[in-house]
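Novice: Sequence plus predicted model, see below.
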Amino acid sequence: MWAVLVGIDEYENLNNTSGACQDALALMGYLTNNRRVPQDHIKCLLSTTARNEGFEQPTRANICSTLHHHLYNNDDIGPDDTILFYFAGYGSSYGNSHDNSSVNALCPTDRGSVADSH
């Protein structure tokens with residue numbers, strides 16, 4: 001199993017939430033202790049504990065980079081391996097001008113910042 005876990009309690013441009021980082025850490029503990037997933041198979045991005053415990057901040061750039069390097073461009077992942085992406089934080093919905101539908105999205109810590117305007 002390979003996993004990317006994201007927990008966001010603090011946002012730059014949104015109200016903060018609580019419990020998301022604790023949930024991601026609890027899942028990481030379950031995967032490593034109960035499911036015996038090797039630590040190097042799990043990447044965890046957390047907003048509140050990142051400064052204190054060495055986790056990367058879950059910005060848009062860091063989430064995309066982690067997904068690309070840890071999961072997509074990883075020769076160690078085999079065709080029968082399980083991949084888990086876990087996100088605890090805010091989501092949003094954006095209008096689609098092509099067909100008047102909406103597109104759902106996850107909100108990184110820097111949602112709405114100038115750097116996030118891609």
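Specialist: Sure, I can see it.
Novice: CA atoms of stretch 83-97 as PDB?
Specialist: Below are the C-alpha coordinates for stretch 83-97, written out as PDB (Å, rounded to 0.1, in the frame of the first residue of the first chain):
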ATOM      1  CA  ILE A  83      -3.100   3.500  -3.400                       C
ATOM      2  CA  LEU A  84      -4.900   5.600  -0.800                       C
ATOM      3  CA  PHE A  85      -5.400   9.400  -1.000                       C
ATOM      4  CA  TYR A  86      -7.000  10.800   2.100                       C
ATOM      5  CA  PHE A  87      -8.100  14.400   2.400                       C
ATOM      6  CA  ALA A  88      -9.500  16.100   5.600                       C
ATOM      7  CA  GLY A  89     -10.300  19.700   5.100                       C
ATOM      8  CA  TYR A  90     -12.600  22.000   3.200                       C
ATOM      9  CA  GLY A  91     -14.000  21.300  -0.300                       C
ATOM     10  CA  SER A  92     -15.600  23.800  -2.700                       C
ATOM     11  CA  SER A  93     -17.700  23.900  -5.800                       C
ATOM     12  CA  TYR A  94     -17.100  26.000  -8.900                       C
ATOM     13  CA  GLY A  95     -19.300  26.800 -11.800                       C
ATOM     14  CA  ASN A  96     -18.600  25.300 -15.200                       C
ATOM     15  CA  SER A  97     -19.500  27.800 -17.900                       C
END
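Novice: Next, the buried residues of that stretch.
Specialist: Within stretch 83-97, the residues scored as buried using 16 or more other C-beta atoms under 10 Å are 86-90. All C-beta atoms are positioned from the backbone trio N, CA, C, and that covers glycine.
Novice: would TSV of those residues with secondary structure be doable?
Specialist: Listed next are the buried residues of stretch 83-97 as TSV, based on DSSP: H, G, I helix; E, B strand; the rest coil:
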residue	secondary structure
86	strand
87	strand
88	strand
89	coil
90	coil
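Novice: Pick out the most distant pair among those.
Specialist: 86 and 90 (14.7 Å; C-beta to C-beta).
Novice: Contacts for the helix ranked longest in the chain, please.
Specialist: The single longest helix within the chain, with elements called by DSSP state H, is helix 20-29. Identification of contacts with helix 20-29 by C-beta atoms under 8 Å, 6 or more residues apart in numbering yields 3, 5-9, 42, 44, 46-49, 86, 88-89.
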